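> All I have is the shape, not the residue letters:
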């Protein structure tokens with residue numbers, strides 16, 4: 001099967017060949033690329049192109065890992081801008097879901113619909129990626145893929161000179177475009193689409209400021225027209241449109257940004273936009289920290305899909321970052337992922353896969369349990385047993401326990417996560433119910449006060465036909481809404497009646513739902 005290859009990908013391929021084309025195993029790749037560009041490539045050409053392209057990109061990623069961004073040459077920088085462009089199409093098509101690994105604390109806050117003691121819907125912020133980038137990767141491989149294997153990470157325990165990765169992860173996935181299109185409720189469908197569009201619009205390109213400095217320098221170089229033009233186009237698309245999220249990796253060398261700004265011509269077309277980047281970094285002050293970004297600098301991922309239906313470069317520049325929280329859309333789901341049975345989850349060469357258990361789904365108002373037994377605990381326990389070191393197992397148990405304040409671990413059994421998940425959701429449901437009841441009372445209070453005004457000043461607020469109606473006896477009547485609705489045709493007053501009947505209609509709807517569920521159960 002012929003795999004579609006975009007023009008941007010071919011440009012990237014040519015730039016890679018300029019750097020590595022002399023390697024013997026890539027001898028015929030240049031001719032294949034030219035045939036693809038001229039639409040004369042055969043099935044055999046494509047079958048050779050994919051593995052060779054994969055070899056080439058693996059070589060580049062491996063080389064990037066060995067040096068710091070300060071040491072990147074112009075050729076490397078132009079390759080980085082090219083691979084970002086080649087990969088942007090995946091984000092621009094808006095057809096896929098985002099995926100984000102979260103620690104247990106975040107999971108708890110999401111399910112309880114509570115943050116800092118305040119009721120709040122679940123949101124998404126920080127770093128995320130299209131789900132394709134974690135496809136077929138074990139939990140441990142995902143941690144490496146997304147740069148979560150840094151010192152001090154909640155997913156890592158250090159034992160001597162060894163870093164041991166957590167053998168399970170919790171993952172949030174937003175709905176796919178297909179799931180949105182299938183939603184039968186028009187209002188819910190609109191909400192899902194709108195919130196996903198907002199998330200995509202807010203997702204920026206995380207880039208090491210040291211790389212950005214080099215791109216600006218190339219754009220300002222009047223002696224290199226070709227690369228300068230490419231860099232200018234890149235900056236216009238990302239920097240000028242506020243689509244850059246500055247984030248260092250393995251360093252805090254803010255001076256490199258300050259120095260660049262000081263030497264830059266203030267009349268430069270990039271000066272003001274670059275100054276914003278500098279200001280953002282300066283504003284963080286002491287809060288600025290290394291390892292802030294899962295993907296920047298020398299952390300180019302080593303894994304990815306095996307290219308089934310995907311671009312050969314789909315796993316290169318994989319993440320986006322949001323600097324402000326946005327509410328998760330209905331249809332969002334949370335999963336537990338554990339290593340696939342019989343796999344090599346720590347493999348540095350081949351995707352090892354995962355087994356996935358759905359924990360909960362969000363309907364826009366609350367989370368709905370997707371589990372009914374202790375399967376989550378069983379799977380976590382199996383995953384933990386893959387770690388030989390007992391102290392490391394205890395570290396991950398404690399890190400994921402609901403009550404981390406306890407220093408005493410009674411045993412090495414599962415984390416009792418199933419029971420905790422139910423408790424967190426119950427707490428969230430309780431807060432939601434309390435909030436609904438509070439809203440109901442407020443609505444009734446507003447409606448009652450309005451009726452009092454009407455009853456006291458009928459000649460000022462009522463149409464002439466309704467001025468003879470005595471509202472005073474109706475104000476404290478439990479069926480006041482029905483009585484007003486039956487006597488008046490005035491639209492505003494009917495709206496008040498509707499508010500007063502809100503709870504009554506809600507109870508009727510709930511009763512009908514129970515009756516229907518009972519009928520369905522009897523039918524089965």
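Received it, and whenever you're ready, just let me know what you need. On a predicted model such as this, the values are computed, not experimentally measured, just so you know. Numbers count the residues shown, from 1 in each chain.
> what residues are up against residue 333?
By CB atoms under 8 Å, 6 or more residues apart in numbering, the contact set of residue 333 is 172, 173, 175, 358, 359, 360, 361, 362, 370. Every C-beta, even on glycine, is put in place using the N, C-alpha and C of the backbone.
> of these, buried ones?
Neighbour counting by 16 or more other CB atoms under 10 Å classes 172, 173, 175, 359, 360, 361, 362 among the contacts of residue 333 as buried.
> Out of those, flag the one nearest to residue 211.
Lowest distance from residue 211 to the buried ones among the contacts of residue 333 (CB to CB) belongs to residue 172, with 28.3 Å.
> Just say helix, strand or coil for the closest one.
Of the three states, residue 172 takes strand under DSSP: H, G, I helix; E, B strand; the rest coil.
> That one and residue 109 touch, don't they?
No: with contact defined as CB atoms under 8 Å, residue 172 does not count as touching residue 109 (11.7 Å).
> Quick one: mean pLDDT for the host helix or strand of residue 218?
For residue 218, the host element (DSSP states H and E) is helix 209-219. Here helix 209-219 scores 87 as its mean pLDDT.
> Give the closest residue to residue 261 in space, chain neighbours not counted.
residue 278 (5.1 Å; CB to CB, 6 or more residues apart in numbering).
> Then residue 45?
With CB to CB, 6+ apart, the residue lying closest to residue 45 is residue 32, at 4.9 Å.
> which other residues reach the helix holding residue 218?
With CB under 8 Å, 6+ apart as the test, helix 209-219 has contacts from 68-70, 72, 74, 77-78, 80-81, 224, 227-228, 231-232, 234-235, 239, 244, 246-248, 251, 253-254, 256-257, 260, 264, 270, 274, 277, 281, 296-297.
> try 7 Å this time
Helix 209-219 is contacted by residues 69-70, 72, 74, 77, 80-81, 224, 227-228, 231-232, 234-235, 244, 246, 248, 253, 256-257, 260, 270, 274, 277, 281, 297 when judged by CB atoms under 7 Å, 6 or more residues apart in numbering.
> Ok, stretch 170-178 next?
94-102, 104, 107, 131, 192, 196, 199, 328-329, 331-337.
> Filter the residues you listed down to the buried ones, ChimeraX style.
To isolate the buried members of the contacts of stretch 170-178 in ChimeraX, using 16+ other CB under 10 Å:
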select :96,97,98,99,100,101,102,104,107,131,192,196,199,328,329,331,332,333,334,335,336,337
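> out of the contacts of stretch 170-178, which are inside strands?
98, 99, 100, 101, 102, 333, 334, 335, 336, 337 (DSSP state E).
> now for those, which pair is the farthest apart?
Across the ones in strands among the contacts of stretch 170-178 (CB to CB), the longest gap, 18.1 Å, separates 98 and 336.
> for this protein, what spans make up the strands?
For the chain, the strands defined by DSSP E cover 98-102, 114-115, 118-119, 123-130, 156-159, 162-165, 169-173, 205-207, 244-246, 319-327, 333-339, 354-362, 367-369.
> The ones you listed into a markdown table, with extra columns for distance to residue 421?
Converted to a markdown table, the strands of the chain look like this (distance: least, CB to CB, whole Å):
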| stretch | distance to residue 421 |
| --- | --- |
| strand 98-102 | 13 |
| strand 114-115 | 14 |
| strand 118-119 | 19 |
| strand 123-130 | 19 |
| strand 156-159 | 23 |
| strand 162-165 | 23 |
| strand 169-173 | 10 |
| strand 205-207 | 31 |
| strand 244-246 | 32 |
| strand 319-327 | 21 |
| strand 333-339 | 9 |
| strand 354-362 | 6 |
| strand 367-369 | 8 |
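> Of the ones you listed, which is nearest residue 18?
Of all the strands of the chain, strand 205-207 sits nearest to residue 18, with 22.4 Å by CB to CB.
> Mind listing the strands the closest one pairs with, and their directions?
strand 244-246 (parallel) (DSSP bridges).
> So what touches the strand it pairs with?
Strand 244-246 is contacted from outside by 204, 205, 206, 207, 209, 212, 238, 277, 280, 281, 321, 323, using CB under 7 Å, 6+ apart.
> Pull out the buried positions in it.
Buried residues in strand 244-246 (16+ other CB under 10 Å): 244, 245, 246.
> What average pLDDT does that strand get?
Strand 244-246 carries an average pLDDT of 83.
> And stretch 320-336, by the same measure?
So the average pLDDT for stretch 320-336 ends up being 92.
> starting at the chain centroid, how far to it?
Chain-centre distance of stretch 320-336: 5 Å, with CA atoms, centre = their mean, to the nearest Å.
> now do the same end-to-end measure for that stretch.
Across stretch 320-336, the terminal residues are separated by 22 Å (CA to CA, to the nearest Å).
> Kindly report the same for stretch 203-212.
The first residue of stretch 203-212 is 18 Å away from its last residue (CA to CA).
> Ok, which of the strands of the chain comes nearest residue 86?
strand 205-207 (13.3 Å).
> distance between that closest one and the chain's centre?
Distance, centroid of strand 205-207 to centroid of chain: 14 Å (CA atoms, centre = their mean).
> Repeat that for stretch 186-199.
Chain-centre distance of stretch 186-199: 15 Å, with CA atoms, centre = their mean.
> Of all the helix elements in this structure, which one is longest?
If you go by DSSP state H, the chain has its longest helix at helix 417-456.
> Let me see the mean pLDDT of that helix.
75.
> now it against strand 333-339, angle please.
Computed by axes from the mean of the first three to the mean of the last three CA atoms, to 10 degrees, the angle separating helix 417-456 from strand 333-339 equals 170 degrees.
> what about the nearest residue to residue 332 once chain neighbours are set aside, distance to residue 432?
In space, and not counting its chain neighbours, residue 332 is closest to residue 362: 4.5 Å by CB to CB, 6+ apart. Distance, residue 362 to residue 432, using CB to CB, to the nearest Å: 12 Å.
> go on, residue 388?
44 Å.
> Residue 87 too?
With CB to CB as the criterion, residue 87 and residue 432 are 39 Å apart.
> More neighbours: which of these two?
residue 87 (23 against 16; other CB atoms under 10 Å).
> what about the more buried one, distance to residue 226?
Applying CB to CB to residue 87 and residue 226 gives a distance of 22 Å.
> Could you do residue 263 as well?
Using CB to CB, residue 263 is found at 23 Å from residue 226.
> ok, now residue 96?
34 Å.
> sorry, back to before: could you report the neighbour count for the residue nearest to residue 45?
When neighbours are counted by other CB under 10 Å, residue 32 comes out with 20.
> Return the residues in contact with it.
Contacts of residue 32 by CB under 7 Å, 6+ apart are 41, 45, 48, 49.
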